[in-house]
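A.B. asks: need coordinates for the below:
(one chain, ligands or ions: 1)
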Amino acid sequence: MRVKICGITQPQQSIAIASLGATALGFICVPNSPRYVTTYQIRAAVAELPANIDTIGVFANLSIAEISQIVADSGLTGVQLHGDESPDFCYQLRQALPNIEIIKALRIRSLEHLDTADDYTEYVDTLLLDAYHPQQLGGTGKTLDWTMLEQFNPNCPWLLAGGLTADNIVEALNQVNPSGVDLSSGVERTPGDKDLDKVALLFHSLKNIELLRS
Ligand SMILES: O=C(O)c1ccccc1NCC(=O)[C@H](O)[C@H](O)COP(=O)(O)O
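C.D. replies: Here you go, the predicted structure:
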């Protein structure tokens, strides 16, 4: 299963988290986030990581030119669009960055809102479903109503996000069947400072799920 740990701010933590089992790391390029990192910081972190780790920049409502510049300068392998980007924006971004993974995050408010996912699957590689918070775009620690997602089966891979922790990941994955999971505040001491013990506990829980399923 794909496991993305998001909101990395320290290069040495990215290496440790990758060694513990993460397949993707997320870097927040949203200036008002407490987890914001500069292009220079991302490049330093990416340079030290093994090539098989996906490195994802998280953006909200930036222009295609701004995203493309950050991707080119930092060596990211993917972008996560966490704002109000339309399907057409995703299509345009795909033309500009044909070899970069595009993840569209949807902050789900209701079952009707979930239907908008279908509008994106043609233009993105992956969807990410996050919890809705009226003031914050992401990293909120709020969980989604997993019962809404029991039948969710889009035409592309998808990641479950929103308030996941080592303690609730088993319950979440018993209810829904995503291609992967994304965590941030649930494996942190403070915003941007990951707690490696919590990350280790998370992979322990995920291993138990795999053992139960095999
Ligand atoms: O994490 C942030 O500070 C953030 C700020 C602005 C846009 C997106 C942001 N995070 C996006 C993520 O992918 C988080 O991992 C996701 O929201 C889940 O966070 P959490 O509920 O804390 O696990």
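A.B. asks: mind listing what's buried along stretch 63-72?
C.D. replies: Buried residues in stretch 63-72, counting neighbours by 16 or more other C-beta atoms under 10 Å, are found at 67-68, 70-71. The way it works is simple: take the backbone N, C-alpha and C, and place the C-beta from them, glycine included.
A.B. asks: for stretch 152-169, that is, sorry about that
C.D. replies: Here stretch 152-169 shows 152, 154, 156-166, 169 as buried, counting by 16+ other C-beta under 10 Å.
A.B. asks: check these against the ligand, which are close?
C.D. replies: 161-164 (C-beta under 6 Å from any ligand atom).
A.B. asks: and the two most separated of those?
C.D. replies: Greatest spacing in those, by C-beta to C-beta: Ala161 and Gly163 (8.3 Å).
A.B. asks: mutual contacts of the two, please.
C.D. replies: Common neighbours of Ala161 and Gly163 (criterion: C-beta atoms under 8 Å, 6 or more residues apart in numbering): Ala131.
A.B. asks: before we move on, back to that, now, which of the buried residues of stretch 63-72 lie within helices?
C.D. replies: Applying DSSP state H to those, the entries found in helices are 67-68, 70-71.
A.B. asks: flag the shaky bits of this protein, pLDDT-wise.
C.D. replies: 211-212, 214 (pLDDT under 70).
A.B. asks: try it again with 90
C.D. replies: 11, 110-113, 207-214 (pLDDT under 90).
A.B. asks: what sits opposite the most centrally placed residue in it in the beta ladder?
C.D. replies: Residue closest to the average C-alpha location in the chain (C-alpha atoms, centre = their mean): Asp182, at 4.8 Å. The partner list for Asp182 in beta bridges (DSSP bridges) reads Lys4.
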